[in-house]
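*Asks:* Build the 3D model from these lines:
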Amino acid sequence: MTPTEHGHNLLNFASHLDDGTLAQARQTASMPFVYPHVALMPDAHAGKGSAVGTVIPTRGAVIPAAVGVDIGCGMIAARTQFTFADVERAERAGRTLHALRLRIEHAIPLSPGHYNLTASLGKWFAEPKIAELEERAAKDGVDLSHSPKWREQLGSLGGGNHFIELCLDEQDRVWLFLHSGSRGVGNKIAQKHIAIAQKLCRTWHIDLPNRDLAYLAEGAPEFWAYIRELRWAQRFALLNRAEMMDRFSKLFGEWIGAPVVEAERINCHHNYTEQEEHYGEKVWLTRKGAVNAHQGVAAVIPGSMGTRSYVVSGKGDARGLCSAPHGAGRRFSRTQARKRFTVDDLARRMKGIEYRHGAEWIDEIPDAYKDIDVVMHDAQDLVDIRHELRQILNVKGT
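*Replies:* So this is what the prediction gives:
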């Protein structure tokens with residue numbers, strides 16, 4: 001779609017946008033170091049500090065709260081050599097999807113505060129990943145004293161909208177699919193630097209339209225301390241997803257009767273900051289609920305737990321700052337969803353999908369999210385769709 005201009009420095013790609021989200025985006029776009037413009041993605045909705053689904057290019061400054069507390073949150077997807085016919089054969093042999101779900105829930109810690117036992121790490125694949133992160137932390141002076149259990153967090157899912165899914169594409173090929181971020185350690189890193197930015201802006205008597213738009217200036221040592229720890233957390237998130245995918249792949253291979261041979265694997269952030277060039281200048285580009293959609297770059301855009309997801313390839317649209325939506329985007333808040341929908345509504349929407357049923361997941365019902373088909377239609381200038389996925393198994397924490 002042709003983006004709508006809201007002032008000279010805000011472009012909107014969403015055909016459905018509420019006033020609160022637009023107001024947040026305008027506040028963000030008003031910051032003096034934004035260049036060339038803020039881009040609102042098709043799934044944009046209100047968030048903390050700045051709207052989710054906002055792409056924010058900045059010169060000489062970064063806004064820690066705009067990146068958010070789940071640094072490096074994103075998706076990983078792996079296409080296997082199997083098809084739905086192989087899944088059906090396994091089920092006829094008595095290996096049910098219900099049994100597979102229980103094995104996944106046993107192997108991967110779910111929900112906030114649930115981590116791996118230290119003794120169990122060796123039986124999986126985490127040790128070299130932990131060694132890499134330890135080396136990086138030592139080299140870059142990353143302070144992890146606030147998170148003594150960060151090693152046990154590697155390979156854990158979390159809660160909310162994080163999930164693990166078994167999916168089929170348009171050719172009935174089997175995909176392994178999951179969504180997670182940097183867990184508690186990333187949250188602690190984010191909260192620490194958000195507080196530092198707010199304190200510095202108060203000290204400098206900077207008048208902000210919103211305290212969550214407090215920023216760190218590139219000339220300050222606090223800026224580079226944040227960038228170092230931000231990059232560490234982004235790497236943690238990437239490896240966290242990789243660890244869970246390695247476990248999922250092993251378990252699925254055991255369940256279906258042959259080791260998984262991956263045809264491709266895509267691991268992408270949708271909550272992060274990187275230095276990129278846009279409109280002829282190098283900027284710090286924050287994608288808060290958006291994926292990298294440079295020309296030919298592969299990414300994954302999930303729907304909700306009962307709708308389709310997409311594997312895409314970027315088109316490199318300059319107006320969208322070479323970015324694309326990160327998912328369906330919330331239509332109703334969690335509180336609103338719990339008031340509007342029931343556990344029976346959830347059961348009806350999840351018919352035919354193996355999942356853990358319960359009132360805990362009402363706020364994740366597909367109806368609480370935007371229509372993914374509308375989001376993808378709005379994103380047609382930003383990405384090409386390579387594969388359309390539908391889930392047959394879903395795992396969530398609380």
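
*Asks:* number of nearby residues for R386?
*Replies:* If you count neighbours by other Cβ atoms under 10 Å, R386 ends up with 16. Yep, even glycine has a C-beta here, placed from its N, CA and C like the rest.

*Asks:* What residues does it make contact with?
*Replies:* Neighbouring residues of R386 by Cβ atoms under 8 Å, 6 or more residues apart in numbering: 298, 310-313.

*Asks:* From those residues, which land in strands?
*Replies:* If you go by DSSP state E, those have 298, 310-313 in strands.

*Asks:* Of those residues, select the buried ones using a ChimeraX command.
*Replies:* Here is the ChimeraX command that selects the buried residues among the ones in strands among the contacts of R386 (16 or more other Cβ atoms under 10 Å):
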select :298,310,311,312,313
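
*Asks:* Leaving out sequence neighbours, find the closest residue to E274.
*Replies:* Of all residues not flanking E274 in the chain, L285 sits nearest, at 5.9 Å (Cβ to Cβ, 6 or more residues apart in numbering).

*Asks:* The one you found: what's it in contact with?
*Replies:* Contacts for L285 (Cβ under 8 Å, 6+ apart) come out as 55-58, 273-276, 278, 321, 323.

*Asks:* Could I get those residues in a markdown table, plus columns for pLDDT, neighbour count and secondary structure?
*Replies:* Listed next are those as a markdown table, based on pLDDT from 0 to 100; neighbours: other Cβ atoms under 10 Å; DSSP: H, G, I helix; E, B strand; the rest coil:
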| residue | pLDDT | neighbour count | secondary structure |
| --- | --- | --- | --- |
| V55 | 98 | 26 | strand |
| I56 | 98 | 29 | strand |
| P57 | 98 | 25 | strand |
| T58 | 98 | 22 | strand |
| T273 | 98 | 25 | strand |
| E274 | 97 | 14 | strand |
| Q275 | 97 | 10 | strand |
| E276 | 98 | 17 | strand |
| H278 | 98 | 18 | strand |
| L321 | 98 | 27 | coil |
| S323 | 98 | 30 | strand |
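
*Asks:* now the strands for the stretch 101-250 of the chain?
*Replies:* Under the criterion DSSP state E, counting those that start in this stretch, the stretch 101-250 of the chain contains strands at 163-168, 173-180, 216-217.

*Asks:* Out of these, flag the one nearest R151.
*Replies:* R151 sits nearest to strand 173-180 of all the strands of the stretch 101-250 of the chain, at 16.2 Å, using Cβ to Cβ.

*Asks:* quick one: that closest one to chain centroid distance?
*Replies:* The chain centre lies 13 Å from the centre of strand 173-180; the measure is Cα atoms, centre = their mean, to the nearest Å.

*Asks:* Now do that strand: which elements does it pack against?
*Replies:* In this structure, strand 173-180 packs against strand 74-83, helix 84-92, strand 163-168, helix 221-256, strand 383-396, with contacts taken as 3 or more Cβ pairs under 8 Å, 6 or more residues apart in numbering; DSSP states H and E.

*Asks:* got TSV for these, with distance to R151 too?
*Replies:* Below are these laid out as TSV (distance: least, Cβ to Cβ, whole Å):
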stretch	distance to R151
strand 74-83	20
helix 84-92	34
strand 163-168	21
helix 221-256	10
strand 383-396	23
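
*Asks:* Pick the most deeply packed of those.
*Replies:* Most buried of the helices and strands packed on strand 173-180 by mean neighbour count (mean count of other Cβ atoms under 10 Å) is strand 163-168; its value is a mean of 24.

*Asks:* Can you give the distance from that one to the centre of its chain?
*Replies:* Chain-centre distance of strand 163-168: 15 Å, with Cα atoms, centre = their mean.
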